[in-house]
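Trainee: let me see the structure of the following:
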Amino acid sequence: MKRATLFLLLAVATVVAAQAQTRFLVTIENVGPVHPVLKSGVFDTPVGAAAPAPIFPGEAYEFSFTAGPGMRLSLATMFVQSNDAFYAFAPDGLALFDASGDPVEGDVTGALSLWDAGTEVDEEPGVGPNQAPRQPAPDTGADEDGVITEIGDGGMDDGFEYPANDAVLRVTLTNDGATGFTVRIENASDAGTLATSQGSVAVPLSPG
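Mentor: Next up is the predicted model:
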């Protein structure tokens, strides 16, 4: 009799507990800001020009894009008086926001390095016959079959001396509000920037 009574009490307690259950509706909402689609492409027309071209002393490229926190900028522009040297940021790019989440702005030239693409055998910068504007046609240089290596800032890692980066170009980053950015690449070289065995010359920069 006691066992039956205990079973009945347990059954009643279970029913009461079931009746006391409450349903909840849980809503998970993404409240973060909406970022436009990341943009990529080319910069090839100098500011104020009507057609694509390299930039010469005093000229500049500009391009704008959108990016959210955590994203990075990558770009490349060729040191035209060479076989295959180009300016670019480190392989992981330039951070567009700092540790506090604020957009990066100002002169970012110091974050650039000069790189050797490893595609052609290097000749003296500003003199080599397989460099623009002296080469008779595209891709006339001997294949190097190398790898991309960092020449650095004013380095000599490929056996030749290059001017300091800020003597050739200046790159500035402007935040246009929220997720918008504008990059300006200016050719800062002049007729005396690159000293060669045949005299000094300026350094044009290629579209990128």
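
Trainee: poorly predicted segments of the chain, please.
Mentor: 1-20, 34-39, 154-158 (pLDDT under 70).

Trainee: gap between the residue positioned nearest the centre of it and Ala95?
Mentor: What sits nearest the mean C-alpha location of the chain, by Cα atoms, centre = their mean, is Ser74, with 1.3 Å. Ser74 sits 11 Å away from Ala95, going by Cβ to Cβ, to the nearest Å. Using the backbone N, CA and C atoms, a C-beta is placed for each residue, glycine as well.

Trainee: same question, Leu194
Mentor: Distance from Leu194 to Ala95, by Cβ to Cβ: 31 Å.

Trainee: give me the more crowded residue out of these two.
Mentor: For Leu194 versus Ala95, the count of surrounding residues by other Cβ atoms under 10 Å is larger for Leu194: 23 against 16.

Trainee: so which bits of stretch 141-155 are buried?
Mentor: Gly141, Glu144, Ile151, Asp153, Gly155 (16 or more other Cβ atoms under 10 Å).

Trainee: columns secondary structure and distance to Leu112 on top of those residues, output as a markdown table?
Mentor: Formatted as a markdown table, the buried residues of stretch 141-155 follow (DSSP: H, G, I helix; E, B strand; the rest coil; distance: Cβ to Cβ, whole Å):
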| residue | secondary structure | distance to Leu112 |
| --- | --- | --- |
| Gly141 | coil | 24 |
| Glu144 | coil | 22 |
| Ile151 | strand | 11 |
| Asp153 | coil | 8 |
| Gly155 | coil | 12 |
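
Trainee: and which of these is nearest Asn130?
Mentor: When these are ranked by distance to Asn130 (Cβ to Cβ), Gly141 comes first, at 3.6 Å.

Trainee: tell me where this protein has helices.
Mentor: Assigned by DSSP state H, the chain shows helices spanning 2-20, 165-168.

Trainee: who touches the last one?
Mentor: In this structure, residues lying in contact with helix 165-168 by Cβ atoms under 8 Å, 6 or more residues apart in numbering are 79, 87, 109-110, 112-114, 153-154, 187-189, 193, 203, 205.
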